[in-house]
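1. Predicted structure and sequence below. I'll ask about it afterward.
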Amino acid sequence: MKLSRVITAVAVGAALALGSATGAVADSGPKSAPRVENGGAADAPDRARDAKAGKAPKIATYKGKKMDLAKGWGAAKVCSEYPDLTIKCFDTDKQAQADMANFAKNDLRAMPKVPKGRTAKIGAKAAAGGPAAFAIGNGTCSYGWVCVYEHSNYGGRKLQWSQDGTKTLGQYGFRDQVTSSCNNDEIGGMGLVDYRDNMIDPEVINGLGGCLSNLTNVDYPGWGTGSWNDRADALWM
Ligand SMILES: [Ca+2]
Ligand SMILES: [Ca+2]
């Protein structure tokens, strides 16, 4: 991690407590278009940086067909980037988990052995009783993976990675959409980054083995700047 990065340190425990205290607080909602946080000309930094970082499209397989995630997910709800960097999308998390198990038969990195002190699955199903679209229940994040979600409490579309690196969310069709996240990677922290011009890119840290259940409750740096909801443009892990 670069020392120059501005860190919004969020203790995992505190974030979890916030989440459970507030329950299923929705973000802009599944029916509205993804919120472009800055809109119009002010959105230029996001777009420019996206274009610079996004050298090759992220092509996923979904129902036997190829799709460029930056152009949309179709009806897919869960997309997984495997240890070999192939990407597959599914209708349900159950299907995604089954495929991970299948992949692990040849490459254990897709489902590493869970060591003592760590949890096989973190996060939880989207809270019951919320709007139906929030209760898709893609929920848990398996050991060895980092997961981001479209809505609070691990609801809505889910995108997950197995390999460390910096992920440009626009390439995956997830820019300015992350509302909750989990870091169940083997080692190391995870950070969500917002691209900003004329200042150091702000970051929020998701500690190892923990989740941020609702980024609407995590303050963005600066006065009157709102929360981290639907703001992240990149992720490092
Ligand atoms: Ca969102
Ligand atoms: Ca952004």
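-> Thanks, I have it. Ligands and ions are numbered 1, 2, ... in the order given.

2. could you point out where the chain is predicted with low confidence?
-> Scanning the chain for pLDDT under 70 picks out 1-45, 47, 53-55, 125-139.

3. Around ligand 2, pick out the residues from it.
-> Neighbours of ligand 2 within the chain, by CB under 5 Å from the ion: 46, 176, 194, 231, 233. The C-beta positions use only the backbone N, C-alpha and C, and glycine is treated the same way.

4. contacting residues around whichever residue of the chain sits closest to ligand 1?
-> Residue nearest to ligand 1 within the chain (CB to the ion): T179, separated by 3.5 Å. Listed by CB atoms under 8 Å, 6 or more residues apart in numbering, the contact set of T179 reads 27, 149-152, 156, 214-216, 229-230.

5. Tabulate these (CSV), appending distance to T61, secondary structure and neighbour count.
-> Compiled in CSV, the contacts of T179 are given as follows (distance: CB to CB, whole Å; DSSP: H, G, I helix; E, B strand; the rest coil; neighbours: other CB atoms under 10 Å):
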residue, distance to T61, secondary structure, neighbour count
D27, 29, coil, 24
Y149, 21, strand, 32
E150, 21, coil, 26
H151, 25, coil, 32
S152, 29, helix, 27
G156, 21, coil, 23
N214, 31, coil, 27
L215, 29, helix, 28
T216, 33, helix, 19
N229, 30, coil, 24
D230, 27, coil, 21
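
6. thinking again about what came up before, include secondary structure and distance to L108 when you put the residues of the chain next to ligand 2 into TSV, please.
-> Output for these, formatted as TSV (DSSP: H, G, I helix; E, B strand; the rest coil; distance: CB to CB, whole Å):
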residue	secondary structure	distance to L108
D46	helix	37
D176	coil	35
D194	coil	35
R231	coil	35
D233	coil	32
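
7. Now the two most distant members of those residues.
-> D46 and R231 (9.7 Å; CB to CB).

8. Please name the nearest non-neighbouring residue to L235.
-> The shortest distance from L235 to any non-neighbouring residue, by CB to CB, 6 or more residues apart in numbering, is to K167 (4.7 Å).
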